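Q: got a predicted structure plus its sequence, pasted below:
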Amino acid sequence: MDDSQGKETRPASMEDQEISSSSSSFATTLAVPTIPTDITITILSKLPVKSLLRFRCVSRDWRAMIDSKQLIELQLHEVKRKKNLSFVVETTKELHFFDANDLLFHLRKEELWQGVPAPPQGSVQPETRLSVLSWCDGLCCLAANVSLITGGRCPIIYQIANPCTRSSVKLPASHLSKPTICQIVRDPVTGAYKLLVIEKHPDFSCEILTIGTDVSWRKLAGAYGSDQPLLQMAAVCGATHWIYRPNFYSTTVPAAKDSSALIVAFGVGDETFRTIPYPQRVLPDKNLDFVAEFRGSLCLLHFDVVDLKMEFWVLKDYANSVWSRHHSVRFELLRRTVDCCSMRAAYMGTTGDEKIVFMVRLMERPDEDDHEVYFFALYFWEELTISYCPDRRTFRLEKRRVAEDLKSELSLGIESLACVGHDATEVKTVHDFL
């Protein structure tokens with residue numbers, strides 16, 4: 001008989017039971033505790049977009065969490081609090097994202113452009129040139145062969161894209177062929193993004209569309225335009241703002257008859273226009289003045305080229321349009337207006353550390369004695385990106401670009417997960433971001 005069959009099974013001793021119980025308790029102690037979802041979302045919101053796009057491939061649960069409205073909103077809030085400036089340079093065919101020191105990433109604009117219907121066979125069509133017309137929360141508005149100065153062919157196809165996630169959505173065709181304003185705006189109550197388009201031909205016409213919801217454009221009455229392309233608008237109290245100069249247009253708008261400049265407020269939620277008068281006894285500078293957001297209030301930066309100063313005005317009572325001059329500060333750059341053919345300023349945005357960033361473009365005619373470079377229509381451009389800290393009342397030169405660089409457009413950049421709607425093209429595979 002086999003020895004193993006002759007042996008009796010010995011019951012586990014008390015010592016063996018204690019060892020088994022101790023091992024089970026030790027394993028339980030080593031188990032990783034579950035992190036609450038809210039804390040996980042808070043941690044993830046502080047990570048770069050590139051990392052979050054990689055983490056979407058971990059599991060279905062992680063993908064759903066990263067695509068959730070809660071994380072998208074929190075990540076956008078965190079990135080807007082950043083103190084370091086990030087920029088986007090738009091060339092003819094590419095977008096380059098970089099911070100103060102390094103290039104973050106770049107991509108071709110055609111990667112964001114969804115196909116449009118082909119032209120009729122045999123027709124001659126110019127090469128498609130994609131342009132970014134506006135930015136908002138990391139989203140950009142793309143259009144083909146359209147300029148805010150010269151207009152485009154009708155109908156116009158707009159597409160809203162997020163370059164960081166490589167997602168885009170194509171909007172219905174618009175029949176406003178000469179837009180002077182084409183701005184993505186955000187409703188702070190619902191979080192919905194809308195595209196506002198305004199043209200002047202011969203009177204102001206306006207269309208608006210809620211991105212990802214509407215299937216057709218809605219016409220709005222009472223619109224006001226802008227005499228020059230806007231880099232950014234000031235978003236305050238649920239409205240977006242810009243300066244309207246009636247003298248630039250032959251207008252019959254009652255509110256504009258006795259004014260050299262008005263501030264337009266477009267309510268994003270109720271989709272209505274209203275005007276805010278300039279501060280009393282302030283003579284607007286048509287090239288330099290702009291409105292900005294600062295600590296939740298609407299501000300006006302007014303430049304006095306005679307006294308070489310900048311006046312900082314704050315709209316203390318928004319409902320009743322009551323302005324207060326907060327301070328004035330000397331601005332030495334205004335000395336160059338003597339030698340410049342033109343000097344223009346434009347608002348770019350307000351940073352997380354409450355600095356107002358704006359761009360100043362200077363145009364100078366070359367020396368007439370230099371026959372090799374002098375032509376009547378040839379000018380030398382210089383572009384300065386300047387930040388202003390109202391608390392310290394100091395200006396800082398952030399970036400300087402000269403004529404060779406000005407074949408590209410410069411904007412403030414934000415890396416976000418902002419969603420462009422349910423019909424957006426799917427985010428590319430993770431390998432595209434490695």
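A: Everything's here; your move.

Q: show me where the stretch 301-434 of the chain has strands.
A: Assigned by DSSP state E, counting those that start in this stretch, the stretch 301-434 of the chain shows strands spanning 309-317, 322-330, 342-350, 356-364, 380-389, 394-402, 409-412.

Q: looking at those strands, which is closest to D67?
A: Proximity to D67 (CB to CB) singles out strand 409-412 among the strands of the stretch 301-434 of the chain, at 25.5 Å. To be clear about C-beta, it is placed using only N, CA and C from the backbone, and glycine gets the same treatment.

Q: any idea of the mean pLDDT for that closest one?
A: Regarding strand 409-412, the rounded mean pLDDT is 91.

Q: mind listing what's buried in that strand?
A: Using 16 or more other CB atoms under 10 Å as the test for burial, strand 409-412 gives 410-412.

Q: which residues does that strand contact?
A: Strand 409-412 has contacts (CB atoms under 8 Å, 6 or more residues apart in numbering) with 85-90, 132, 135, 231-232, 348-349, 357, 359, 383, 385, 399, 401.

Q: on that earlier part again, nearest to K50, of the strands of the stretch 301-434 of the chain?
A: That would be strand 409-412 among those, by CB to CB, at 19.1 Å.

Q: give the pairing partners of the closest one; include direction for each.
A: strand 86-90 (antiparallel) (DSSP bridges).

Q: just checking, what packs against the next helix or strand after the partner strand?
A: For strand 86-90, the following helix or strand on the C-terminal side (DSSP states H and E) is strand 94-99. Packing partners of strand 94-99 (3 or more CB pairs under 8 Å, 6 or more residues apart in numbering; DSSP states H and E): strand 86-90, strand 103-108.

Q: just checking, what packs against the last one?
A: When contacts are defined as 3+ CB pairs under 8 Å, 6+ apart, strand 103-108 packs onto strand 94-99.

Q: for the strand it packs on, which strands pair with it and how are they oriented?
A: Strand pairing for strand 94-99, determined by DSSP bridges: strand 86-90 (antiparallel), strand 103-108 (antiparallel).

Q: can I assume R295 is in contact with D353?
A: No: contact criterion CB atoms under 8 Å: R295 and D353 do not qualify, at 11.7 Å.

Q: can you map out the helices along this structure?
A: 3-6, 14-30, 37-44, 49-55, 60-66, 69-80 (DSSP state H).

Q: contact partners for F358?
A: F358 touches 290, 292, 301, 345-348, 385-386, 388, counting by CB under 8 Å, 6+ apart.

Q: the same query, at a cut-off of 10 Å, please.
A: 231-232, 288, 290, 292, 301, 345-350, 384-388, 395 (CB atoms under 10 Å, 6 or more residues apart in numbering).

Q: same question, W113
A: When contacts are counted by CB under 10 Å, 6+ apart, W113 touches 128, 130, 142-144, 157, 159, 161, 168, 170.

Q: circling back: write the PyMOL selection for whichever of the contacts of strand 409-412 are buried.
A: Remark: buried members of those, expressed as a PyMOL selection using 16+ other CB under 10 Å:
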select buried, resi 85+86+87+88+89+90+132+135+231+232+348+349+357+359+383+385+399+401
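
Q: so how many other residues sit close to the residue nearest to M363 when sequence neighbours are not counted?
A: Among residues not flanking M363 along the chain, S342 sits closest, at 4.2 Å (CB to CB, 6 or more residues apart in numbering). For S342, the number of neighbouring residues by other CB atoms under 10 Å comes to 12.

Q: again with S45
A: Around S45 there are 20 other residues, counting by other CB under 10 Å.

Q: report pLDDT for it.
A: The model's pLDDT for S45 equals 94.

Q: check contacts around the residue nearest to M363.
A: If you count contacts by CB under 10 Å, 6+ apart, S342 has them with 287, 361-364, 379, 381.

Q: again, but for L315
A: L315 neighbours (CB under 10 Å, 6+ apart): 236-237, 241, 263, 265, 276, 279, 291, 297-300, 321-324.

Q: if we can go back for a sec, just the buried members of the contacts of S342?
A: Buried, going by 16+ other CB under 10 Å: 287, 361-362, 364, out of the contacts of S342.

Q: for those residues, which one is nearest P246?
A: N287 (15.8 Å).

Q: find the nearest non-adjacent residue to that closest one, please.
A: Using CB to CB, 6+ apart, the closest residue to N287 is R344 (4.8 Å).

Q: distance of the one you found from I160?
A: Between R344 and I160 the computed distance is 28 Å (CB to CB, to the nearest Å).

Q: comparing the two, which residue is more hemmed in?
A: I160 (26 against 17).

Q: check the burial of the spatially closest residue to that one that is not a sequence neighbour by counting its neighbours.
A: Nearest residue to I160, sequence neighbours excluded (CB to CB, 6+ apart): V420, at 4.8 Å. Look at V420: counted by other CB under 10 Å, it has 22 neighbours.

Q: need the contact list for the closest residue to Q280 other than its chain neighbours.
A: In space, and not counting its chain neighbours, Q280 is closest to W323: 7.7 Å by CB to CB, 6+ apart. Shown in contact with W323 (CB under 10 Å, 6+ apart): 263, 276-280, 282, 298-300, 313-317.

Q: now a ChimeraX select for only the buried ones of those residues.
A: Of those, the buried ones go into a single ChimeraX selection, burial set by 16+ other CB under 10 Å:
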select :263,276,278,279,282,298,299,300,313,314,315
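
Q: quick check, nearest of the contacts of W323 to S174?
A: I263 (26.0 Å).

Q: and S24, what pLDDT?
A: 49.

Q: neighbours of the closest residue to F290 other than its chain neighbours, how many?
A: Leaving out its chain neighbours, the residue that sits closest to F290 by CB to CB, 6+ apart is Y347, at 4.4 Å. Per other CB under 10 Å, the neighbour tally for Y347 reads 23.

Q: who touches Y347 in this structure?
A: Y347 touches 230-234, 241-243, 290-293, 299, 301, 356-359, counting by CB under 10 Å, 6+ apart.

Q: just those: which are in strands?
A: 234, 241-243, 290-293, 299, 301, 356-359 (DSSP state E).

Q: just among those residues, which is most surrounded?
A: Ranking those using other CB under 10 Å puts F290 first, with 27 neighbours.

Q: any idea how far that residue lies from K316?
A: Separation of F290 from K316 (CB to CB) stands at 19 Å.

Q: do the same with K170
A: For K170, the distance to K316 - CB to CB - is 43 Å.

Q: N101 now?
A: 39 Å.

Q: next one: R335
A: R335 is 32 Å from K316, by CB to CB.

Q: ditto for R245
A: 24 Å.

Q: lowest average pLDDT across the strands paired with strand 94-99?
A: When the strands paired with strand 94-99 are compared by mean pLDDT, strand 103-108 comes last with a mean of 90.

Q: this completes my enquiry, with thanks.
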